[in-house]
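Engineer: Quick one: sequence and predicted model below, then my questions.
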Amino acid sequence: MPVELRIAAFGAALLIAHIVIAAVFKTGQYGLKWDFSARDEIPSPPSEATGRLIRAQANFEETFPIAIVALLGVVIAGRTSEATALGGWIWLGARVAYLPLYWVGIPVVRTIVWLASVAGLVMILKPLLAG
């Protein structure tokens with residue numbers, strides 16, 4: 001199995017982690033009654049940590065489709081290489097590091113890590129875009 005597929009699967013697991021962690025914090029803030037409701041009422045603004053986790057999840061959800069297209073694309077096109085595998089690991093490692101950095105509110109390092117994840121995506125996409 002190409003390593004790029006394994007990286008995509010780890011990315012899916014990371015998405016599950018984002019969803020679960022944010023949900024745990026939302027439940028902790030709003031309670032089980034809200035959790036099991038239709039959520040028609042507008043809740044109070046999230047706490048700092050809950051808000052950060054919600055935004056980190058949204059950020060991951062924005063970029064994960066790009067990673068899926070890139071990782072599956074190089075496999076389908078037969079364009080996998082050491083560079084695409086390295087790019088995938090860079091993307092995944094940066095995204096794993098991004099979650100706790102955002103969670104605790106470390107601004108500059110978080111942005112640098114996000115940029116590293118984008119660089120990893122570019123490494124994967126390059127053989128697809130170069131033809």
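Structural biologist: Arrived safely. Quick caveat: nothing in here was measured; it's all calculated off a predicted structure.

Engineer: The residue nearest the centre of the chain: what secondary structure?
Structural biologist: Nearest to the geometric centre of the chain sits residue 60, at 3.1 Å (C-alpha atoms, centre = their mean). Three states are possible here, and by DSSP: H, G, I helix; E, B strand; the rest coil the one that applies to residue 60 is helix.

Engineer: How much space separates it from residue 8?
Structural biologist: Residue 60 sits 14 Å away from residue 8, taking C-beta to C-beta, to the nearest Å as the criterion. Every residue, glycine included, has its C-beta placed from N, CA and C.

Engineer: again, but for residue 90
Structural biologist: Note on residue 90: its distance to residue 8, by C-beta to C-beta, is 14 Å.

Engineer: can you list contacts of the helix or strand of the chain at the bottom of the mean pLDDT ranking?
Structural biologist: Within the chain, no helix or strand scores below helix 32-35, which has a mean of 88 by mean pLDDT, DSSP states H and E. With contacts defined as C-beta atoms under 8 Å, 6 or more residues apart in numbering, helix 32-35 is touched by 23, 26-27, 41, 43.

Engineer: What backbone torsions are found at residue 130?
Structural biologist: When read as degrees, to the nearest 10, the backbone of residue 130 gives phi -80, psi -10.

Engineer: Okay, buried residues for whichever strand or helix holds residue 27 please.
Structural biologist: Residue 27 belongs to helix 3-30 when elements are defined using DSSP states H and E. Buried positions in helix 3-30, judged by neighbour count with 16 or more other C-beta atoms under 10 Å: 3-4, 7-8, 10-11, 14, 18, 21-22, 25-26, 29-30.

Engineer: Next: stretch 59-79.
Structural biologist: By neighbour count, with 16+ other C-beta under 10 Å as the criterion, the buried positions of stretch 59-79 are 59-60, 63-64, 67, 70-71, 73-75, 79.

Engineer: Adding pLDDT as columns, could you present these in CSV?
Structural biologist: Below are the buried residues of stretch 59-79 laid out as CSV (pLDDT from 0 to 100):
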residue, pLDDT
59, 97
60, 98
63, 96
64, 98
67, 98
70, 98
71, 98
73, 98
74, 98
75, 98
79, 98
